[in-house]
Every structure is written in structure tokens, then in C-alpha cells.
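Enquirer: Give me the fold of what follows.
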Amino acid sequence: MNLEIILFILLATIAAVTSVLMITRKNAVISAVFLVLNFFALAGLYLLLNAQFISVVQIIVYAGAIMVLFLFVLMLLRTENENQILTDKKPIKYFAVLITVFVFLQLVFLIFKGEPSRDLTPDEIASINTGTIQNIGRELYTNYIIPFEAAGFLLLAATIGAIVLAKKKFE
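Expert: Reported below is the predicted structural model:
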């Protein structure tokens, strides 16, 4: 088994387990944390598919922006359970420290002992180049400029509509 298969099995397992844990938790904040972990596992799977742009967008948009907003709203609405999470469940703290140390040791090992296993084939190089931001931008602004502009106008119309609807509620 090569490293790619091992990483796929590991990331797919993390994604499946965290998705089940997300829907079975009673606390919404813990569910949101499992959802963030799921987003990171999916981003890793996108990297294995050589879709670098989609992977980065997955992290920035979903795990970064949307989940921070979601957690912010949850924290504002349900503040009574926050201290209870940290004080009642000491094993969770120890488990988090253990996982952090484990990930740190893996990173140190990869930095100092990791070596590429083989050279890339021409098909793999073409696949990697397809998912780069430069190629996506070139395709978007040359072959798909009309759908791109149409999507921009649609988003602009939706934004103006939301502002008009919100303004009517204030008057």
C-alpha cells in the first residue's frame, strides 16, 4: 500500500466518523466542532484528487467563514453550557492534548524524515496542473466568462433584493 491509499483510508474514515458524531451529539457547539473536523478531512480528500483550489476554498469558506459565524451565533444563543463543557469533561481535554501531540509528532517526522517516494508521471503532472488557481482563472475568464458574469449579476440582484427587503422592515 502506498501513502496515497493510506491517506485516503485515514481521511475517509475521519470524514465518516466525524459526520456520524456530528449528528449524534446533543450539544450544538460540539456538533459544530465535529463538522469543522469533517470539513478538514474533506479538504484533505480534495488534495488527494489534485484539486488544490477546491481544497483551499473548502477550508477558507466553510471551515473558516461559515463555521466561525455559526459558532458565534451558537455561543450567543446558548451561553449556559459553555463552562459546563470544560469543567465536567476532563477526559476531553486530555484527549485533545493527546491528539495535538500526535499530530505535532507526525509533522516533525514528515519535515525531517519525509522523502518523495517516486517521480510523477506525465498524467499526474497534467492532473496537478489542471487544479491550479492559474488554470482555473484562465478557464473562468476565457471560456466561461459569460456564465461567470451571469452569476455575478445574479448575486448582485440577490444582494440588492435582500437590502430592499430589509429596508422595508425598518420603515
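
Enquirer: rest of the way, CA atoms for contacts and neighbours
Expert: OK.

Enquirer: and the helix ranked longest in the chain, what's its mean pLDDT?
Expert: Ranked by number of residues, the top helix in the chain under DSSP state H is helix 145-170. When pLDDT is averaged along helix 145-170, the result is 87.

Enquirer: Buried residues, it. List them.
Expert: Using 16 or more other CA atoms under 10 Å as the test for burial, helix 145-170 gives no buried residues.

Enquirer: same for that helix, what does it pack against?
Expert: Helices and strands in packing contact with helix 145-170 are not found; criterion 3 or more CA pairs under 8 Å, 6 or more residues apart in numbering; DSSP states H and E.

Enquirer: now it, how far from the centre of its chain.
Expert: If you compare the mean C-alpha spot of helix 145-170 with that of the full chain, they lie 26 Å apart, counting by CA atoms, centre = their mean, to the nearest Å.

Enquirer: again with stretch 115-130
Expert: Centre-to-centre, stretch 115-130 and its host chain are 24 Å apart (CA atoms, centre = their mean).

Enquirer: One more: stretch 97-111?
Expert: Relative to its parent chain, stretch 97-111 has a centroid offset of 20 Å by CA atoms, centre = their mean.

Enquirer: what ranges do the helices span in the chain?
Expert: Counting by DSSP H, the helices of the chain are 3-24, 28-48, 52-57, 67-77, 82-88, 90-113, 122-130, 133-142, 145-170.
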